[in-house]
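1. Predicted model follows, preceded by the sequence.
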Amino acid sequence: MGIAGEVPKQKTKRVVSVSLGSSRRDTTRELSLLGYTVTVERRGCDGDLARAEAMIRDLDGSVDAIGLGGLDLYLYVGGRRYVLRDAARLARAARATPVVCGAGLKQTLERRVVANLDRRLGLGERRVLVMSAVDRFGMADAFAATGAEVVYGDLIYVLGVPVGLRSLRTVEGVAALLLPVMTQLPIGWLYPTGRAQDDEAPRLRGARYADRAEVIAGDWHFIRRYLVGGLEHKTILTNTTTPQDVAWLREQGAAALYTTTPRLGGRSLPTNLLEAALVAVAGRFPLAAAAYDELIGAAGLVGEGLELQALDSSGRSTPTRHDTARHDAGPPSPTH
């Protein structure tokens, strides 16, 4: 059953990401998606949970879907689902409008991204650091399936314990032990919000894992905060990057940037915002993983790759598209 045949007569949608991140990253763009023109907005609340809650309550019923940025509503680890208390509080503020956090795409689109990157780079021969497996278990699981030598940095970058985890079974055990408690903590204790997203933390004692890795994957704000000075010659797979972030990676000497979502207006879309757009055009909620996969395929969603140190004749880096959502992708082609 084709998604295109299910599109109702209305051809415009509006979705808003309410983020605990910095308002300096706010943007409004238009996205063409499955026959719709979708207005996508990102609104930062600078770490203020009460402000985010009030904003969601105000948006409820007036937009087609709401994304939660800067925190997860659900963490899927193995076969278990964990709910974050602060995110659940925000989601309850909306009574009529669907609220998503990006978890649906983390379990579907991001698996496709890694599978395609494996075909491009040969990940089975690479050393990979995933910043947090519990945040992106689909990505972590997909990296493990490539045969890469993977280290999961949950203890390092969330708890400050300089121990890398080397198997998903260990990740699942640690999650079962700690997440029932940690999900009840204020989100600011676990993840940088507001202005903290712009801070550069001192190099952690677990920096040796990042130094040894050839590919670093996961949440952008973890990478930006904790890996200053440790990205030279690395390939980065992440989300939600702005032109300023790309410039920063270049200055850090990173070799290449791959994004898990398409770039729009020079920045890659937040996972939660893209998921909100898909829910809006689908016209139903919640969506199962198979429905997300069908929408991703029908929309032809792709991310982009940037060879950060490759220069063209004018001295500028040359952007390339890479089909992160397609299993039959060939070499990158110039971005339109």
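-> It's in.

2. Tell me, how many residues neighbour Gly79?
-> Neighbour count of Gly79, defined by other Cβ atoms under 10 Å: 6. All C-beta atoms are positioned from the backbone trio N, CA, C, and that covers glycine.

3. typo on my end, Leu273
-> For Leu273, using other Cβ under 10 Å, the count is 29.

4. nearest residue to it other than its sequence neighbours?
-> Ser17 (4.1 Å; Cβ to Cβ, 6 or more residues apart in numbering).

5. In a strand, that neighbour, correct?
-> Yes: counting by DSSP: H, G, I helix; E, B strand; the rest coil, Ser17 is found in a strand.

6. any idea how far Glu30 is from it?
-> Distance from Ser17 to Glu30, counting by Cβ to Cβ, to the nearest Å: 15 Å.

7. Stretch 100-118 spans what distance, first to last residue?
-> 28 Å (Cα to Cα, to the nearest Å).

8. what residues are up against Leu33?
-> By Cβ atoms under 8 Å, 6 or more residues apart in numbering, the residues touching Leu33 are Ala277, Leu278, Val281, Ala299.

9. wouldn't Leu273 be in contact with Gly21 here?
-> No: with contacts counted by Cβ atoms under 8 Å, Leu273 stays clear of Gly21, the gap being 11.9 Å.

10. joint contacts of these two?
-> By Cβ under 8 Å, 6+ apart, the residues touching both Leu273 and Gly21 are Gly69.

11. Based on its surroundings, how many neighbours for Asn116?
-> There are 22 residues near Asn116, going by other Cβ under 10 Å.

12. what's the neighbour count on the residue nearest to Leu273?
-> A count of nearby residues for Ser17, using other Cβ under 10 Å, gives 31.

13. Tell me how far it lies from Glu275.
-> Taken as Cβ to Cβ, the span from Ser17 to Glu275 is 10 Å.

14. shared neighbours of these two, anything?
-> Shared contacts of Ser17 and Glu275, counting by Cβ under 8 Å, 6+ apart, come down to Gly67.

15. re earlier: tell me the contacts of the residue nearest to Leu273?
-> Val40, Glu41, Arg42, Arg43, Ile66, Gly67, Leu68, Gly69, Pro270, Asn272, Leu273, Ala276.

16. ok, the residues you listed vs Arg111, which is closest?
-> Of all these, Arg111 sits closest to Asn272, with 17.3 Å by Cβ to Cβ.

17. Which of the three states applies to the residue lying closest to that closest one once chain neighbours are set aside?
-> Of all residues not flanking Asn272 in the chain, Gly67 sits nearest, at 3.4 Å (Cβ to Cβ, 6+ apart). The three-state label given to Gly67 by three-state DSSP is strand.

18. Check Gly67 and give its pLDDT.
-> pLDDT, Gly67: 98.

19. Leu204 now?
-> 70.

20. my read is it is in a strand, agree?
-> No: judged by three-state DSSP, Leu204 forms no part of a strand; its state is coil.

21. Surely Glu30 touches Val15?
-> No: Glu30 lies out of contact with Val15 (Cβ under 8 Å); the separation is 11.3 Å.

22. what is in contact with those two at once?
-> In contact with both Glu30 and Val15: Val38, Thr39, Val40, using Cβ under 8 Å, 6+ apart.

23. Which parts of the stretch 201-336 of the chain are helices?
-> Secondary structure of the stretch 201-336 of the chain by DSSP state H, counting those that start in this stretch: the helices cover 207-212, 220-226, 243-251, 271-282, 289-299.

24. The third one: which residues count as buried?
-> In this case it means helix 243-251. Asp245, Val246, Leu249 (16 or more other Cβ atoms under 10 Å).

25. which ones are touching Ala144?
-> Ala144 neighbours (Cβ under 8 Å, 6+ apart): Val150, Ser167, Leu168.

26. In terms of helices and strands, where is the closest residue to the last one other than its chain neighbours?
-> With sequence-adjacent residues excluded and distances taken as Cβ to Cβ, 6+ apart, Leu168 is closest to Ala144, at 5.6 Å. Remark: Ala144 resides in helix 137-145, with elements defined by DSSP states H and E.
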